[in-house]
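S.K.: need a 3D model of the following:
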Amino acid sequence: MLSIIILIGAYRYFARLAEKFGKIKWKLGLLGAGIYLGAQIILGVSYGVYLAYTDPDAVNNMNHIGFSAANLVSWLLSLLAVWSVYLFLEQKYIKENLKNPSIEIQKMGKKSKGSQK
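M.R.: This next block holds a predicted model:
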């Protein structure tokens, strides 16, 4: 349940970034959700492989319900991955906006057709 809430939050977090910089909302939203899910899958598989190598019987006796230390750590690391990609994209978009001046600035010095005499 908590993963679904975090997934929705990651989607909305990236969608707000897209809105702020004039990008397509759903694409960046899906990117945020994909980063979260990808990090969860990678961490889950790596933890499963670790358990299989250290204690092969532990894999058969796993409880997938409830909170465990592994779940908490994977949520935190996934959130850290989402946040770091968000900061990276935000800095990238800020640099893009500094390189490309807005249309209003380019039109500032031009006269309109009706005001010429």
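
S.K.: drop to CA atoms for contacts and neighbour counts, all remaining ones
M.R.: Will do.

S.K.: residue ranges of the helices in the protein, please?
M.R.: Secondary structure of the chain by DSSP state H: the helices cover 2-21, 25-54, 56-60, 69-99, 103-107.

S.K.: helices or strands up against the second one?
M.R.: Going back to what we said before, that points to helix 25-54. With contacts taken as 3 or more Cα pairs under 8 Å, 6 or more residues apart in numbering; DSSP states H and E, helix 25-54 sits against helix 2-21, helix 56-60, helix 69-99.

S.K.: one more pass at 6 Å, please.
M.R.: Packing partners of helix 25-54 (3 or more Cα pairs under 6 Å, 6 or more residues apart in numbering; DSSP states H and E): helix 2-21.

S.K.: likewise for the fourth one?
M.R.: In terms of contacts (3+ Cα pairs under 6 Å, 6+ apart), helix 69-99 is packed against no helix or strand at all.

S.K.: and residue 69, how far from residue 38?
M.R.: 19 Å (Cα to Cα, to the nearest Å).

S.K.: those two: which has the busier surroundings?
M.R.: Applying other Cα atoms under 10 Å to residue 69 and residue 38 shows that residue 38 carries more neighbours, namely 14 against 8.

S.K.: about what we covered before: kindly reformat the helices of the chain as CSV containing mean pLDDT.
M.R.: Converted to CSV, these look like this (pLDDT from 0 to 100):
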stretch, mean pLDDT
helix 2-21, 91
helix 25-54, 92
helix 56-60, 77
helix 69-99, 91
helix 103-107, 57
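
S.K.: residue 25 and residue 45, how far apart?
M.R.: Where residue 45 is concerned, residue 25 sits at a distance of 30 Å (Cα to Cα).
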